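Enquirer: 3D, please:
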Amino acid sequence: MTYLKLGKKQMFAGSSSAIQSKNMDESTSVSGDSNCKSISSNELAPPQSKVLHGKKSIVVPDSDIEGLLECPVCSNSMFPPIQQCPSGHTLCLSCKNKVNNKCPICRKEIGNIRCLALEKLAVSLHLPCAYHHLGCEEMFPYYSKLRHEAQCVYRPYACPHPGSECPFMGDMPALLSHLRESHKVDLQAGCTFNHRYVKQDPCSVDNVSWTLTLFNCFGHYFCLHFEAFLLGCEPVYMAFLRFIGEESEARRFGYCLEVGGNGRKLTWQGVPRSIRTHHRTVRDSNDGLIVQRRLALYFSGGDRKELKLRITGRIWREI
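Expert: Below you'll find the model as predicted:
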């Protein structure tokens, strides 16, 4: 369900004015005539009111009006200048070239006609966030909605698994299920860990050597990455922690990692990065524990046939 705010000059009950597009295949109206989407008396009395930007406004559901502002080519919301063909079909200015200046519906030449009525309608609307179904209850003017959605904390998370470019997007419960079921990622409870990484043929280091482990502690989820890659021309191993949540929440925690052997050890202490930040960005910024291959082999006992690294760590909540 989509909620729309109607501006002061618009009327929706018993009004004779309507938003119509001449010669269009379909028409949508926000008036009380017979062509309108019916609204029951229970929905009209009393109308739902909200205070937006200091002004009291009437909010009614009508997904058809928002559909008028959807480009038939890219399926995104249209912003001025909204283009219109002679028959009244509309599309984005940026999509005109994609269809060779031919209307995608009636195939007529589009020309340079702007749909001013639809642009004015867009100015009057307040719409819910696209992630309303995931919990966001905010309403925004049409022209600032996209800016909010790009940073909305309710927007879906991308899969953090580093082994492949996984296309999965979902909320946190769905993401955790996806990692465990599709990627067979191990889930552990507790804020301390002790991992042993074994790699055959340590002289062959490339970008597809990785592991991922999930941890549940302090009521949140974290994922520990261990990757082998080339840093310049030097093969290295790297471990770092990411927080499954927003960056603002991630900064409330700290972690340390330790690797060693033969009486020596390396220690790293840092702040987990949010999974909103791609794992390659974290890796390329060297924000984690980095072990060069020679030192990794030394920690492994000097055996060049097999790499054996033991990494211990701890996660804590910052005060």
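Enquirer: can you confirm Ala122 is in a helix?
Expert: Yes - Ala122: assigned to a helix according to DSSP: H, G, I helix; E, B strand; the rest coil.
Enquirer: ok, and the closest non-adjacent residue to it?
Expert: Among residues not flanking Ala122 along the chain, Tyr142 sits closest, at 4.6 Å (CB to CB, 6 or more residues apart in numbering). C-beta coordinates here come from the backbone N, C-alpha and C atoms, glycine included.
Enquirer: For that neighbour, grab the count of nearby residues.
Expert: 21 (other CB atoms under 10 Å).
Enquirer: ok, which stretches of the stretch 1-150 of the chain are strands?
Expert: Under the criterion DSSP state E, counting those that start in this stretch, the stretch 1-150 of the chain carries strands at the ranges 3-5, 49-52, 55-61, 83-84, 90-91, 113-114, 126-128, 139-141.
Enquirer: Show me the domain layout of the protein.
Expert: According to automatic domain parsing, the chain comprises the domains 3-149, 157-317.
Enquirer: Comparing those, which yields the minimum mean pLDDT?
Expert: Across these, domain 3-149 has the smallest mean pLDDT, namely a mean of 67.
Enquirer: Hmm, Glu119 and the residue nearest to Ala122 touching each other?
Expert: No - here Tyr142 lies out of contact with Glu119, judged by CB atoms under 8 Å, at a distance of 10.0 Å.
Enquirer: Mutual contacts of these two, please.
Expert: Applying CB atoms under 8 Å, 6 or more residues apart in numbering, one finds that no residue jointly contacts Tyr142 and Glu119.
Enquirer: remind me, longest helix of the protein?
Expert: In the chain, with assignment by DSSP state H, the single longest helix is helix 172-182.
Enquirer: And it, what does it pack against?
Expert: Applying 3 or more CB pairs under 8 Å, 6 or more residues apart in numbering; DSSP states H and E, we find helix 172-182 packed against strand 209-217, strand 220-231.
Enquirer: rerun at 10 Å
Expert: On a contact count with 3 or more CB pairs under 10 Å, 6 or more residues apart in numbering; DSSP states H and E, helix 172-182 meets strand 157-158, strand 169-170, strand 186-189, strand 209-217, strand 220-231.
Enquirer: Highest mean neighbour count out of these?
Expert: Across those, the average number of neighbours (mean count of other CB atoms under 10 Å) peaks for strand 220-231, which reaches a mean of 20.
Enquirer: Direction included, what does whichever helix or strand comes after that one pair against?
Expert: Remark: after strand 220-231, the chain's next helix or strand is strand 234-243, criterion DSSP states H and E. If you go by DSSP bridges, strand 234-243 pairs up with strand 220-231 (antiparallel), strand 273-274 (parallel), strand 289-292 (antiparallel).
Enquirer: closest one to Lys108 among these?
Expert: Among those, the nearest to Lys108 by CB to CB is strand 273-274 (48.3 Å).
Enquirer: buried residues in stretch 190-204?
Expert: Buried residues in stretch 190-204, defined by neighbour count with 16 or more other CB atoms under 10 Å: 191, 193, 195, 197, 199, 202.
Enquirer: Please name the bridge partners of the fourth one.
Expert: Under DSSP bridges, the beta-bridge partners of Tyr197 are Leu309.
Enquirer: and it, what does it touch?
Expert: Neighbouring residues of Tyr197 by CB atoms under 10 Å, 6 or more residues apart in numbering: 209, 211, 226, 228, 237, 239, 259, 296, 300, 307-311.
Enquirer: what's the most distant pair in those?
Expert: Put simply, by CB to CB the two of the contacts of Tyr197 set farthest apart are Ser209 and Arg310, 17.1 Å from each other.
Enquirer: and the gap between Thr192 and Ile275?
Expert: 21 Å (CB to CB, to the nearest Å).
Enquirer: With Tyr298 instead?
Expert: Taking CB to CB as the measure, Tyr298 falls 33 Å from Ile275.
Enquirer: Comparing those two, which residue is more hemmed in?
Expert: It is Ile275, of Tyr298 and Ile275, that has more neighbours when counted by other CB under 10 Å, with 24 against 15.
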